[in-house]
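Trainee: just to be clear, the model below is a prediction. Sequence and coordinates:
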Amino acid sequence: MAVSGGSDSLALLHLLADRGPERLLALTVDHRLRPEAAEEAVTVGRIAAGLGVAHRVLRWEGWDGSGNTQDQARRARYRLLAEACAEAGIADVALGHTRDDNVETFFLGLTRGAGLDGLSGMRHRFTRDGVTFHRPLLDTGRAALRDELVRRGVTWADDPSNDDPGYERVRIRQALAGLDLDPATVARSIGNLHATRRDLGIELLERLCGAYWLDHGDLVIDRDRFEALSPEFRRRTLAAALRYISGSDYPPRGADLMRLVTRDWRQGAATLHGCILFPGPDGLRISREYSAVRDLTCASTEIWDNRWRFTGSHRPGRILRALGPDGLAQVRDRTPSSQPHHAVLASPSAWHGERLVAAPMVSGRLDEPENLQLTPREDIFRFEAAILSH
């Protein structure tokens, strides 16, 4: 489970330890954004040890300071947790998000003009990088958890950023504190909206049954079946497809997405969210955009583009990157395929220096191929899961 040292996760640690501490591993991510974080992680370790729970500290390193700090920290947190669990052979992680977090997320969606998906609350569970994350406290208020900690004589750390009005979520939290709102009532409304969007996802999958398939990592959707859908169902289909192909946690902005929903596909291809939507003879094909991954590299042991994991013989210095023109030029006797040229360029490949050693999405011959294969992460169930989740 993930334990930050705040009241919510510390309460969850104690509640889970009551059921059997020997089955738990507490993981604390030190984002290295505050000098106090390292000492807070040590404190969590002492508390965990007192409960008989094993503990590890995961440190975020290598960030260059670019981008949205909270978003980058969140992505790093989930990545580090998933990697630590994979190393320890753990399949499930408990998170300390509470009903208060869910209510704040709902109002955050309201301020952004969100639709049903954005107002349906946080997911009780979701899977990322082969690990299932659970939020067992979503129906529990923060005050009740703090009362439990006080009863046990446990103190917790408060992150100063939780009171910083520079963050939109903090401003919403402060505004809600001045309103006469019953969080339990708001939570019931969120639950009703969540049930509605779940049923819409189920109905959409039924309407699309047999009308979508994978081809060399691209997603292809039967155009006749797609165009027969209502605008809302087309929007949901494209949102899920773009999330799936881009490996992104979130769909594109609503206005940009709606331009594709109403698009006349006789006009040709369109790009959005780092993807190319190509109206081919076999259907509407959604591929990765080469420019979105051209400069993206990682070690061959890591996940490339949030989608692709290679297995086999890994050697120091081997990297993963998009095939690109240089890689394609190293493929001999290439067999033509249904995949468009732009999708071939964006396909995953493994390199040692400037030498291409594996290109699983391309049929052909390499001068010095090596034993690297894709794992079956890219099955169709991930697209279906994207339709059912948000």
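Mentor: Right, received. Where do you want to start? Numbering: from 1, shown residues only.

Trainee: burial of T43, as a residue count?
Mentor: 17 (other C-beta atoms under 10 Å). Using the backbone N, CA and C atoms, a C-beta is placed for each residue, glycine as well.

Trainee: local confidence estimate at it?
Mentor: Looking at T43, its pLDDT stands at 94.

Trainee: quick one, what contacts the closest residue to L284 other than its chain neighbours?
Mentor: Distance criterion C-beta to C-beta, 6 or more residues apart in numbering; nearest residue to L284, sequence neighbours excluded, is I221 at 4.8 Å. Taking C-beta atoms under 8 Å, 6 or more residues apart in numbering, we find I221 in contact with L208, A211, Y212, T237, A241, G283, L284, I286.

Trainee: can I assume the last one sits in a strand?
Mentor: Yes - counting by DSSP: H, G, I helix; E, B strand; the rest coil, I286 is found in a strand.

Trainee: next up, the contacts around it.
Mentor: Taking C-beta under 8 Å, 6+ apart, one finds D218, L219, V220, I221, A241, L242, Y244, I245, C275, I276, L277, F278 in contact with I286.

Trainee: in helices, which of the contacts of I221 fall?
Mentor: L208, T237, A241 (DSSP state H).

Trainee: now render those residues as JSON lines, adding distance to G141.
Mentor: Shown next, in JSON lines, are the ones in helices among the contacts of I221 (distance: C-beta to C-beta, whole Å):
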{"residue": "L208", "distance to G141": "39"}
{"residue": "T237", "distance to G141": "37"}
{"residue": "A241", "distance to G141": "37"}
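
Trainee: just the closest of those residues to L116, please.
Mentor: Within the ones in helices among the contacts of I221, proximity to L116 (C-beta to C-beta) peaks at T237, which comes in at 14.9 Å.

Trainee: hmm, back to that, most surrounded residue in the contacts of I286?
Mentor: I245 (28 neighbours).

Trainee: quick one, what contacts it?
Mentor: D218, L219, C275, I286, S287, R288, R307.

Trainee: what residues are up against R23?
Mentor: Taking C-beta under 8 Å, 6+ apart as the definition, R23 has no contacts.

Trainee: dig out what the residue nearest to L284 forms beta bridges with.
Mentor: Assessed by DSSP bridges, I221 has beta-bridge partners Y212, L284.

Trainee: from V186, how far off is it?
Mentor: 37 Å (C-beta to C-beta, to the nearest Å).

Trainee: now the spatially closest residue to T132 that is not a sequence neighbour: how far from L24?
Mentor: With sequence-adjacent residues excluded and distances taken as C-beta to C-beta, 6+ apart, T132 is closest to D92, at 5.1 Å. Between D92 and L24 the computed distance is 11 Å (C-beta to C-beta).
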